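Undergrad: let me see the structure of the following:
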Amino acid sequence: MAANTKEHIQYTSKMVRKIFRKKEEFHTSRARLPIEEKIKMLIELQKIALTVRPKRGEDDQRMVWQI
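TA: Below you'll find the predicted structure:
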C-alpha cells in the first residue's frame with residue numbers, strides 16, 4: 001500500500017499577483033455581459049444546483065427558471 005502523501009505548491013508573490021489579476025479580468029468581463037447572458041448563466045447554475053443537492057422532501061419547492 002502506497003504512503004498517502006500530500007504535495008504542497010509554493011506560490012511566489014509574482015504567481016499570486018497573476019492569479020488575482022486574471023481573476024479580476026474574469027469578473028470584469030462577466031460584469032460587462034448583457035443582462036440576458038447573465039440570466040442564462042444563472043439558469044445553468046440553478047440546473048447544476050438541482051443535480052448536486054437533490055430534493056429534501058415533499059415541501060422542497062426548488063425550481064429552475066425557464067428561458
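
Undergrad: ok, now how distant is the spatially most central residue of the chain from residue 58?
TA: Centroid-nearest residue in the chain: residue 45, 8.1 Å away (criterion: CA atoms, centre = their mean). Computed as CB to CB, to the nearest Å, the residue 45 to residue 58 distance reads 25 Å. Yep, even glycine has a C-beta here, placed from its N, CA and C like the rest.

Undergrad: likewise residue 15?
TA: Residue 15 is 50 Å from residue 58, by CB to CB.

Undergrad: more neighbours, those two?
TA: Taking neighbours as other CB atoms under 10 Å, residue 15 and residue 58 compare with residue 15 leading, 11 against 6.

Undergrad: for the host helix or strand of residue 24, which outside residues touch it?
TA: Secondary structure from DSSP states H and E places residue 24 in helix 13-31. Residues from elsewhere that reach helix 13-31 (CB atoms under 8 Å, 6 or more residues apart in numbering): 11, 38, 41.

Undergrad: and stretch 28-37, how far from the chain's centre?
TA: 16 Å (CA atoms, centre = their mean, to the nearest Å).

Undergrad: relative orientation of the lowest-mean-pLDDT helix or strand in the chain and helix 13-31 in degrees?
TA: Least confident helix or strand, the chain: helix 35-52 with a mean of 89, by mean pLDDT, DSSP states H and E. Put simply, helix 35-52 runs at 110 degrees to helix 13-31, going by axes from the mean of the first three to the mean of the last three CA atoms, to 10 degrees.
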